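Participant: generate coordinates for the sequence data below:
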Amino acid sequence: MNWHPVPSIVGRIAVLLTIIFAGSGQAQQVDTTRADSIRRVLRAKADSVEKARADSLRRFQLAAVVVTATRLSTIDERVPAQVEALDLSDIPGPVGAPDALLRMPGVTSFNDQGTPFQPEIQIRGFTVSGIVGTPQGISVFLNGVRVNEADAQEVNFDLLPMAAVDNATLVRGANVLFGRNSLGGTLLLQTRRGTERPFAEVEWGGGSFGRQMLTLSAGGKVGRVDGFVAATGLNEVGWRQATAARTRNVFTTLGYQWGPTHNNGDLALDVLYGKDRIEEAGSLPESWVGPYPRLNYTGGDFFGPEAYQVALRGNQPVGGGLFRGTLFLRRNEFEQFNGNVPPPNTDGFTTNASKGGVAEWTRAILVGVPVGFTAGVDYQRDSVRVEFNNVGGRGPDSTTTIADVSPQENMAFYTQAVVSASTRMDVTVGLRFDHIRIPYRDRLNSANDSVNTYNRVSPEIGVVYRFTPVMKGYVAYKHGFRAPSPLELACASPEAPCSLGAALGADPHLEPVVTQNYEVGFDVETPSHAAIDINAFFTEVANDIHFASPSLTQVYFINVPRTRRVGVEVAGALPIGTGGRVFGSFSHIAATFQSTVQIATADTAPAPAEPGDRFANAPLNTWRVGLGMKHHRGSIFFDGEFDVRGYSSQYLRGDESNRRAPLPGYNVASLRGQMTFSQFRVAFEIENLFNRTYTAFGIEAATGLFPPGSHIALDDDNAPFENFLTPGLPRRFVVTVSARL
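Facilitator: Numbers count the residues shown, from 1 in each chain. Here you go, the predicted model:
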């Protein structure tokens, strides 16, 4: 396909500007991700950067230029993108990051596996989840290390050390700094360090469905050496049959600082260990959901990962600039058992092993105007070993697949320049080159061996302009790139679909996904801390990779020549009274096909998706409104919040032609609060406050068991066609008590 971006940029940006001003009536929708405390910090940073830039222009002092847009440092709001801080202070548990993301505009979630510990999150129409086989379009980094797994680019949020995370940032859209797989956005997680004053913390949590959680953390600093450790254990029975969860992780950092700050002469060693067992209920036939929502269609499904990660990161002034680097080793071994109807069941064992590093150098230079220059190299070498076995069924147990992907090489070079063209305007220009080589080796049949290689150059350009001290705007044009994952390449044949990951082989070649993203936005904040963000984007996608499911237990992947994501996101906050605030957000995101394509489903008379048909499991509109209150009384501080999240209707997976009735929209209310006094803190959260019944995921399939709750499998010829739905989580209460010593 020949792209012609230059003539179309102006026209498409004009369309986006029209959409924004037409939708500005939603300006009173607001969002707590711009919490007052975070706003004050960001505003102070922006004011200091503005003053330093003005001084540098007057005095021509290179040292006054501050470069913040780099891969291994924090990202602030000078970059031409929507950058948002996540508030994790009141979200305990191993999936705190996904829960916090759902409070942000335009972020939705669906639940294929029927467990809250494996959420599937959508940002701007692209997905990130821990489900192997879901096409992924979001990257997640922990202290600069990519935690998307090598086999399918999935992210196991349950393995992340949320008790150790100090701050989290979502950068929406593609970005040359983060590269492959960062199509809809990038989630950056930074962990805590030891402080001058030693501390120890203990937190206990308990709640509905047998939840019990304990977190221990401690840190301190002696001279130039600092240390931090956090350990978390969680047990939960689950609200449906056979949905218990057990998660364990430990994270520790040992650091040495020789420079004046951690950001100017520092070395840190991170070690992470996590081991979980998560039982999965999956979806139910539609006729079961109403009377039997707690049943498990095929009890016994579980996901059991064990992960290790070691990373050495640091920085040092070099050559008039600052060098940053990270080296890492990462290994994740997991078992995935699936009970299938009809049998056989499958038991899969996967080992992902990765090693590599990132090195980048930044320097402030003066070429008539101040310029912040960044250059970096990113290398990762992966090995993947997959073994799938048939278990039970109509024949004897047998091994179906043993395959290796080794070594998979991912190499990239990137550069970015931030030009301070004036005291009001920053211009960002960037370029990235990616090289990915994926060799596939079938250990049982060498005829299936293959090698796939992908190369791509991705540019970006953007402008940030500060109209007034309280208002800024940006406009940007960026390319994104994603190579197919090893699993997708090995399961890309309609003639030989995989049985939930089994029966892999060297299938037809898949093309890489390439995006062109046009984005524009405005950010306003008044001295009274009233704030509003308005953003619009237009993303053209070539060779999108989609999931096809000819039956409930068979899948394969295909390229769709053209798809599109177009959307508007509005969010803000308004203070009321003393310590009060109202907030809310609204988003309209249309993820649509732009080519005619036949996607296999369980439907006996399938119809192709046509240009303009919407993606499955993607609500067109989402919104959030709420009220918060902060109050001080002596040494006691209280912060409470009530909100309602709403989602419009969505089509079922398998109904890409949009012919059948969609799942109805729904609203979910939450109430949360926390009180601190002295060194103690008590927090609570009630999710689905009014115990609403709703469904957030559906797929077209054929029922193989009858009657409900039985284990009698029907013959294939007698299995009726029926939608499968995942019932939403009922009301859940969680309380945590913590103490800092």
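
Participant: for the stretch 401-550 of the chain, which segments count as helices?
Facilitator: 486-490 (DSSP state H, counting those that start in this stretch).

Participant: quick one, grab the pLDDT at V341.
Facilitator: On pLDDT, V341 comes in at 75.

Participant: could you count how many residues lie near it?
Facilitator: V341: 19 surrounding residues under other C-beta atoms under 10 Å. Every residue, glycine included, has its C-beta placed from N, CA and C.

Participant: for it, give its distance to Q408.
Facilitator: Going from V341 to Q408 by C-beta to C-beta, to the nearest Å gives 34 Å.

Participant: Q674 contacts E641, correct?
Facilitator: No. With contact defined as C-beta atoms under 8 Å, Q674 does not count as touching E641 (9.4 Å).

Participant: more neighbours, those two?
Facilitator: E641 (22 against 18).

Participant: how about the contacts made by the more buried one?
Facilitator: Contact analysis of E641 by C-beta atoms under 8 Å, 6 or more residues apart in numbering lists T32, G626, L627, G628, M629, S670, L671, R672, G673.

Participant: buried residues, the helix or strand in which it is found. List them.
Facilitator: Applying DSSP states H and E as the criterion places E641 in strand 636-647. Neighbour-count burial for strand 636-647 flags F638, D639, G640, E641, F642, D643, V644, R645, G646, Y647 (criterion: 16 or more other C-beta atoms under 10 Å).

Participant: check what contacts the very next helix or strand once past that strand and list those residues.
Facilitator: For strand 636-647, the following helix or strand on the C-terminal side (DSSP H and E) is strand 666-677. Strand 666-677 is touched from outside by 89-90, 635-647, 681-690, 692, 694-696, 728, with contacts defined as C-beta under 8 Å, 6+ apart.

Participant: mind doing that once more with 6 Å?
Facilitator: The list of residues contacting strand 666-677 from outside it, by C-beta atoms under 6 Å, 6 or more residues apart in numbering, reads 90, 635-647, 682-690, 694.

Participant: also stretch 197-212?
Facilitator: With contacts defined as C-beta under 6 Å, 6+ apart, stretch 197-212 is touched by 92, 213-220, 235-239, 732-734, 736-741.

Participant: can you report how many residues lie near E387?
Facilitator: When neighbours are counted by other C-beta under 10 Å, E387 registers 18.

Participant: repeat that for R224.
Facilitator: Counted with other C-beta under 10 Å, the neighbours of R224 add up to 12.

Participant: if I look at the nearest residue to it once chain neighbours are set aside, how far off is D643?
Facilitator: Among residues not flanking R224 along the chain, Q257 sits closest, at 5.2 Å (C-beta to C-beta, 6 or more residues apart in numbering). Using C-beta to C-beta, one obtains 40 Å as the distance from Q257 to D643.

Participant: same question for E495.
Facilitator: Separation of E495 from D643 (C-beta to C-beta): 49 Å.

Participant: go on, G220?
Facilitator: Distance from G220 to D643, by C-beta to C-beta: 37 Å.

Participant: check L689 too.
Facilitator: 10 Å.

Participant: how about E700?
Facilitator: 33 Å.

Participant: just S595 next, same as before
Facilitator: S595 sits 38 Å away from D643, taking C-beta to C-beta as the criterion.

Participant: again, but for P94
Facilitator: 22 Å.

Participant: over to F209?
Facilitator: 22 Å.

Participant: again with Q118
Facilitator: Counting by C-beta to C-beta - Q118 and D643 are separated by 24 Å.

Participant: do the same with G698
Facilitator: Where D643 is concerned, G698 sits at a distance of 25 Å (C-beta to C-beta).

Participant: same thing with G314?
Facilitator: 40 Å.

Participant: ok, L284 - how many residues close by?
Facilitator: As a measure of burial, L284 has 26 neighbours, counting by other C-beta under 10 Å.

Participant: now, of the contacts of stretch 197-212, which are buried?
Facilitator: Buried subset of the contacts of stretch 197-212 (neighbour count, 16+ other C-beta under 10 Å): 92, 213, 215, 217-219, 236, 238-239, 732-734, 736, 738.

Participant: next step: the contacts of stretch 197-212 restricted to strands.
Facilitator: Counting by DSSP state E, the part of these found in strands is 213-220, 235-236, 732-734, 736-740.

Participant: show me where the stretch 251-400 of the chain dips below the pLDDT cut-off.
Facilitator: For the stretch 251-400 of the chain, the stretches flagged by pLDDT under 70 are 392-400.

Participant: and the helices in it?
Facilitator: Counting by DSSP H, counting those that start in this stretch, the stretch 251-400 of the chain has helices at residues 286-289.

Participant: can you give me the strands in the stretch 1-150 of the chain?
Facilitator: 83-86, 107-110, 120-123, 126-129, 138-142, 145-146 (DSSP state E, counting those that start in this stretch).

Participant: do the stretch 401-550 of the chain as well
Facilitator: Along the stretch 401-550 of the chain, counting by DSSP E, counting those that start in this stretch, strands occupy 425-442, 450-468, 471-482, 513-525, 531-551.

Participant: nearest to G654, of those?
Facilitator: Nearest of the strands of the stretch 401-550 of the chain to G654, taken as C-beta to C-beta: strand 531-551 at 6.3 Å.

Participant: could you check the angle strand 513-525 makes with that closest one?
Facilitator: 150 degrees (axes from the mean of the first three to the mean of the last three C-alpha atoms, to 10 degrees).

Participant: packing partners for strand 531-551?
Facilitator: Here strand 531-551 touches helix 5-22, strand 513-525, strand 554-576, going by 3 or more C-beta pairs under 6 Å, 6 or more residues apart in numbering; DSSP states H and E.

Participant: for P343, phi and psi?
Facilitator: Dihedral pair for P343: phi -70, psi 170, per degrees, to the nearest 10.

Participant: what is the burial count for the closest residue to N345 other than its chain neighbours?
Facilitator: In space, and not counting its chain neighbours, N345 is closest to V391: 4.3 Å by C-beta to C-beta, 6+ apart. Residues near V391, counting by other C-beta under 10 Å, number 17.

Participant: neighbours of Q190, how many?
Facilitator: Count around Q190 with other C-beta under 10 Å applied: 17.

Participant: shouldn't it be within a strand?
Facilitator: Yes. Looking at Q190 with DSSP: H, G, I helix; E, B strand; the rest coil, it is inside a strand.

Participant: quick one, what contacts it?
Facilitator: D166, N167 are the contacts of Q190 under C-beta under 6 Å, 6+ apart.

Participant: bridging residues for it?
Facilitator: Listed by DSSP bridges, the beta-bridge partners for Q190 are N167.

Participant: now it: how far from V358?
Facilitator: With the distance defined as C-beta to C-beta, Q190 ends up 15 Å from V358.

Participant: same check on I686?
Facilitator: Distance, I686 to V358, by C-beta to C-beta: 41 Å.

Participant: which of these two has more neighbours?
Facilitator: Neighbour tally, I686 and V358, criterion other C-beta under 10 Å: the higher count belongs to V358, 24 against 20.

Participant: give me the buried positions along stretch 561-576.
Facilitator: Buried, per 16+ other C-beta under 10 Å, within stretch 561-576: 562-575.

Participant: and which of the residues you listed is nearest to F110?
Facilitator: For the buried residues of stretch 561-576, the closest approach to F110 (C-beta to C-beta) belongs to R565, at 16.5 Å.

Participant: ok, that closest one touching T539?
Facilitator: Yes. With contact defined as C-beta atoms under 6 Å, R565 reaches T539; the gap is 4.3 Å.

Participant: one step back: need the buried ones among the contacts of stretch 197-212 in JSON lines with distance to P606 and pLDDT, can you?
Facilitator: Formatted as JSON lines, those follow (distance: C-beta to C-beta, whole Å; pLDDT from 0 to 100):
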{"residue": "P92", "distance to P606": "44", "pLDDT": "76"}
{"residue": "M213", "distance to P606": "45", "pLDDT": "97"}
{"residue": "T215", "distance to P606": "49", "pLDDT": "97"}
{"residue": "S217", "distance to P606": "53", "pLDDT": "97"}
{"residue": "A218", "distance to P606": "58", "pLDDT": "98"}
{"residue": "G219", "distance to P606": "57", "pLDDT": "98"}
{"residue": "E236", "distance to P606": "39", "pLDDT": "97"}
{"residue": "G238", "distance to P606": "35", "pLDDT": "96"}
{"residue": "W239", "distance to P606": "34", "pLDDT": "95"}
{"residue": "R732", "distance to P606": "38", "pLDDT": "96"}
{"residue": "F733", "distance to P606": "43", "pLDDT": "95"}
{"residue": "V734", "distance to P606": "43", "pLDDT": "95"}
{"residue": "T736", "distance to P606": "48", "pLDDT": "96"}
{"residue": "S738", "distance to P606": "53", "pLDDT": "96"}
